[in-house]
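Asker: Below are the sequence and a predicted model for it; my questions follow.
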Amino acid sequence: MKTFPFASLFLLLLSICSSAQSFGHSLLPLFSLDPSYVNVNHGSYGSASKYVQEKLREYQMKAELNPDRWYRIDVQLEMNKLREKLSAYVNCDPDDLVIVDNASAGINSILKSLKFRSNETILYYNVAYGMVKLTLQYVSTEIFTQEQIVQIDLDHQTIQNTELLLKTTQDAISKIANVKLIVFDHISSLPSVRFDVETMIKYFRGKGILTLVDGAHALGGIELDLKKLDPDFYVTNTHKWLYTQRSSCLVYVRKDLQKLIHPIITSFGYLQSFQSEFFWLGTRDYSAYLTISDAIDFRRTIANESEIFAYNHQLAIQTGTLLARLWNSSTLTTDERYISTMNNIELPAFINTTEKMNDLYQKLINEHNIFLPMIEFDKKFYCRISAQIYMELSDYEKVGHIVLNAVSTMKFQRKITNMN
Amino acid sequence: MYSFGHSLLPLFALDPSYINMNHGSYGSAPKYVHEKLHEYQMKAEYNPDRWFRHEIQIEIKKLREKLSEYVSCDSDYIVILENASTGINTILKSLKFHFNQSILYYNIASSNNSKYRFIIKKKTEETLNKRENVQLVVFDHISSIPAIRFDIEIIIKYFRQKGILTVVDGAHAIGTIPIDLKKLDPDFYVTNAHKWLYTHRSACLLYVKKDLQDLIHPIITSFGYLQSFQEDFFWLGTKDYSSYLTISDALDFRQSIANEKEIYSYMHQLAYQAGLLMAQIWNSSILTSNEKYLSAMNNVQLPFIINTSNQTNNLYHKLINDYNIYLLMFEFDKKFYCRISAQIYMELNDYEKVANIVLDITFNRNNTRPNIAEKKYISNILFLSLILFVILKLFLSFFFSKNESRYLYFSIDL
């Protein structure tokens, strides 16, 4: 290898220059965001640190230097090493996890592999991610003509109370025969709530229902211990909160279920082992996958995992309180157990229709370069903010004021319109 | 204007000491394309929301317009996917087959080169007579192993007459031979942009005839489901679209080298001549000498003394381990061949060199010396210096820092 280890030198300099990494704006230079862009929405697409990007280039250059050697020999070795490292991070057997492109690929792989019979039902919650709902719809209409998918509705009460949630679920289950599988979030997307999946998994296992956990937002945001949680299937994106290059996703499948699961792309590994089937899905750039390892290293130079989780968690909570006060509204939940690294704050009272919400969303993008996802949930209108190690409370305060100004302008514009 | 051959090597990022006989497997992206790749990735990092929610859609649309011109089709009939495996899976897993329907595919059965067309047609007719209800046939534009170019225009017409859908696996086609989808008029066509078009890995074009688009869905169901064909395929979860976008830059790169005809012609001629040369050196033959059935790859029979799988495996591994040469080998119709790929940065003497190396190995000559990778002393020294520096720093911070210094964990990879 001819390349000088720039990345290693960079990392070394990084560690030397700061004996204790403090969180906040001082970390912004480690990422490649537009310095003038206040990123309140890290949760959607994530961000790769510059260190990770350098490593990405290194892998790409290795592939270019000798493509045959890279693809026929090196990649397999690197992927094995990666799985060992990643499985240690999430506490599971390295052979029980595979890497795919993203949570969409992961969820699709599982739902389209399992053979459902005509009398079987799949359950999901109303807060499930759009892609999950559409995939369930696809599976039920295009593949199996008589299978049922049933949505369970959560509201303000049940979404932040595991006992009530399970009671609502129990009510739904008692009316349906033959529930085969349930899909639910570890941390939902919109609104963003953290669920007590450990309790939920135990409950469903007690009833013989397979559990598919959509943990897209989990890895890197909260502690993840797959041995402890013990789901049947678990899917989590690494590029959202772990600082890897886009995109890659961990799919965990319980050992006794692995023979049922096939990748959506059938390739050379078909009819061999679970690992072989998922390893080669056509020629692709594996470099993004390999940066998972480097992202984990990068995090360690900043702080240890609990410190990173804690900073983001606290920032999300404090931001929620701040914005709720500023806007004279409230957060969806104040129970810290149901908050991860994101928070949902009710928008200023003026925003009380979908039309107004959409207007505000566009206004913030077009006039202020701010992307603030919004959602209507249980008759109230919320926005979702993401905390991050390079963010500080002042960022959200700034956005909070911008929102108020935007809302005022909207009020004023409507008055004018109504007058004319 | 560049001239072809070794003078073009610096434009790519291959190891200069690596003789790439096998461009066809994984392709190669020139440095220019890599630069563009980085630019796209930087744009995505700069403002991810803007990139993914807004800019990407515009860029992909521009790309489809440019690419559809290159392959002569309507820009709404093509979508970009990860690779040919994805493309083929998408089609085969979308179509609903009934239990009494059949799908045909070719396991290239005929070896007689001059009678390919006739024999394939004859065998096909025999099979069709025996089987009812053939719904679909899958066949190559340019097969992989052995690498043969088929006259698919005629094949497509033949199957269309019989009402059989045609899935053309053109994985090796784009960038090496002209593709005119309007003229060819297949039902489905799949081709990899990273094999011969010099894009970054990986990207693939999937073409679906208009009246069949309703039937085809991506293997990943996402937000475009139940909307238009284009919307169904556009967003398949968050991913790095940068490699797709380099298709456009690869086309620009090619234009800066030569026009398309010149590129096709150089590679075609080189593949043909290299095949003849190697067959001459080995006293063997090429699978077909009919130029119509050659693309930018050729299949040369190995020296006759190599006549078992065991021997080919040994030769294959020895070439890799001692000479850093990847020469794809295969058995076809009881003979043992290797497949060579031509490329704009290759010259005839490359193939001559490799042919002689094969003879050296086979007959235990000592004319060429193994090309063992050099030790990189410089990076080793630097690595050691870094380690010493770190140890010194930790030592100093332990004894002299006022604040509690954190123990820093980091790893250095070489």
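Answerer: Thanks, I have the structure now. Numbers count the residues shown, from 1 in each chain, chains lettered A, B, ... in the order given.
Asker: Hmm, residue B:31 is touching residue B:14, no?
Answerer: No - using Cβ atoms under 8 Å, residue B:31 is not in contact with residue B:14; the gap is 10.4 Å. Using the backbone N, CA and C atoms, a C-beta is placed for each residue, glycine as well.
Asker: Just give the nearest non-adjacent residue to the residue of the stretch 151-300 of chain A found nearest chain B, would you?
Answerer: Closest residue of the stretch 151-300 of chain A to chain B, Cβ to the nearest Cβ: residue A:282 (3.0 Å). Ranked by Cβ to Cβ, 6 or more residues apart in numbering or on different chains and with sequence neighbours excluded, the top spatial neighbour of residue A:282 is residue B:85, at 3.0 Å.
Asker: Give the burial count for the one you found, as a bare number.
Answerer: Look at residue B:85: counted by other Cβ atoms under 10 Å in any protein chain shown, it has 23 neighbours.
Asker: Let me see the contact set for it.
Answerer: A:265-267, A:281-283 (Cβ atoms under 8 Å, 6 or more residues apart in numbering or on different chains).
Asker: Helices - which of the residues you listed land there?
Answerer: Within these, no residue falls in helices by DSSP state H.
Asker: which pair in these spans the largest distance?
Answerer: Maximum pairwise distance in these, criterion Cβ to Cβ, is 15.1 Å, between A:266 and A:283.
Asker: neighbour count winner among these two?
Answerer: Per other Cβ under 10 Å, whichever of residue A:266 and residue A:283 has more neighbours is residue A:283, with 22 against 17.
Asker: contacting residues for that one?
Answerer: With contact set as Cβ under 8 Å, 6+ apart, residue A:283 has these partners: A:71, B:25-27, B:83, B:85, B:192, B:194, B:201-202.
Asker: ok, now residue A:186?
Answerer: A:194-195, A:197, A:213-215, A:217-218, A:222, A:234, A:236.
Asker: How about residue B:176?
Answerer: Applying Cβ under 8 Å, 6+ apart, the residues contacting residue B:176 are B:142, B:195-196, B:264, B:267, B:295-296.
Asker: Could you check which of residue B:31 and residue B:14 is surrounded by more residues?
Answerer: When residue B:31 and residue B:14 are compared for neighbours, residue B:14 comes out ahead with 20 against 13, by other Cβ under 10 Å.
Asker: Would you confirm that the more buried one contacts residue A:66?
Answerer: Yes - shown here, residue B:14 and residue A:66 form a contact pair, counting by Cβ under 8 Å, at 7.4 Å.
Asker: dump the residue contacts of residue A:97.
Answerer: Residues in contact with residue A:97 (Cβ under 8 Å, 6+ apart) are A:83, A:86-87, A:90, A:250-253.
Asker: can you tell me which of those residues are in helices?
Answerer: Of the contacts of residue A:97, the ones assigned to helices by DSSP H are A:83, A:86-87, A:90.
Asker: what does the stretch 151-300 of chain B put close to chain A?
Answerer: B:192, B:194, B:200-202, B:217, B:219-223, B:225-226, B:236-240, B:243 (Cβ under 8 Å from any Cβ of the partner chain).
Asker: And the next helix or strand past the helix or strand of chain A with the lowest mean pLDDT?
Answerer: Here the helix or strand of chain A ranked lowest by mean pLDDT, DSSP states H and E is helix A:6-17, holding a mean of 57. Toward the C-terminus, helix A:6-17 is succeeded by helix A:42-45 as the next helix or strand (DSSP states H and E).
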